[in-house]
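Novice: need a 3D model of the following:
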Amino acid sequence: SKSEGASQDRLASEDTERVIAGLAKRDRKGVLVLNKIDTIPTDEVLPIIRRQRPTILAMLPAPLIALVRDHGATHEDFASLRYCLSGGDKVSATLDQEFKELVGQDIYEDYGMTEIGLVTVDPPSGLNKVGSVGPLNPGVEASIRDEDGNELPTGIDGRLWIRSPGNMIRYWNNPDATAETIVDGWL
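Specialist: Numbers count the residues shown, from 1 in each chain. Predicted coordinates for the structure are as follows:
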């Protein structure tokens, strides 16, 4: 098809790095990673999956639901898939159900950000609860706090504070922002 040819041209171009994380395929040569797959037009993603037969798929929820709802998508298209990871936004119960019906697998979620790294991941060998981002990774501490930084009791809404070896140490040349954001190692 025309869009499949366009995807192939895009992968073969010198701009491959722009297109190449989000999708990974392990073979004799290693791992193929499609970077920024969430920026590829959704009608080009399914042909890439069909051609590359990935074992790991990592996408934001919005493009993932577009992929699942692609009328041409079949269970066979995802037969090589062993693991699907999504983050950057909440995976809705609807997306989780539609993905499971089409692919036959769960979507695993993670939580992180540039300042703290990846602090949770649903473990593929553990319980995967819809709406959960999994347990804290080793070495990560979490606390729910109020606006003044006081820890709150269980069941009370507040702000998530994280302390881990992966936390940033400061804002570059901005000590005021650093002092406001990082308190006793908590971010």
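
Novice: helices of the chain, start to end?
Specialist: All helices of the chain, identified by DSSP state H, fall at 2-12, 16-19, 42-52, 61-68, 93-103, 175-181.

Novice: mean neighbour count added to those helices, as a markdown table?
Specialist: The C-beta positions use only the backbone N, C-alpha and C, and glycine is treated the same way. Putting the helices of the chain into a markdown table (neighbours: other CB atoms under 10 Å) gives the following:
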| stretch | mean neighbour count |
| --- | --- |
| helix 2-12 | 14 |
| helix 16-19 | 14 |
| helix 42-52 | 18 |
| helix 61-68 | 19 |
| helix 93-103 | 16 |
| helix 175-181 | 11 |
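
Novice: now for the ones you listed, which one comes closest to P138?
Specialist: Go through those one by one with CB to CB and the one that ends up closest to P138 is helix 175-181, at 23.8 Å.

Novice: C-alpha coordinates for that closest one, CSV please?
Specialist: Presented in CSV, the C-alpha positions along helix 175-181 are these (Å, rounded to 0.1, in the frame of the first residue of the first chain):
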residue,chain,number,x,y,z
PRO,A,175,19.4,27.5,43.1
ASP,A,176,16.0,29.1,44.0
ALA,A,177,14.0,26.6,41.9
THR,A,178,16.2,23.8,43.3
ALA,A,179,15.4,24.9,46.9
GLU,A,180,11.7,25.2,46.1
THR,A,181,11.5,21.8,44.4
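
Novice: roughly how far apart are G149 and R50?
Specialist: The gap separating G149 from R50 is 51 Å, by CB to CB, to the nearest Å.

Novice: try H71
Specialist: On the measure of CB to CB, H71 and R50 end up 14 Å apart.

Novice: same deal with V103?
Specialist: Noted for V103: a distance of 14 Å to R50, by CB to CB.

Novice: contact partners for the nearest residue to V119 once chain neighbours are set aside?
Specialist: In space, not counting the residues next to it along the chain, V119 is nearest to V140; the distance is 4.7 Å by CB to CB, 6 or more residues apart in numbering. For V140, the contact set (CB atoms under 8 Å, 6 or more residues apart in numbering) comprises 119-120, 162-164, 166.

Novice: CA atoms of stretch 110-117 as CSV?
Specialist: What follows is the C-alpha trace of stretch 110-117 in CSV, where atoms were taken according to Å, rounded to 0.1, in the frame of the first residue of the first chain:
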residue,chain,number,x,y,z
ASP,A,110,4.9,2.7,34.3
TYR,A,111,5.3,6.1,36.1
GLY,A,112,8.2,8.4,35.9
MET,A,113,9.4,11.8,34.7
THR,A,114,12.7,13.4,33.8
GLU,A,115,13.3,14.7,37.3
ILE,A,116,12.9,11.4,39.1
GLY,A,117,13.5,8.7,36.4
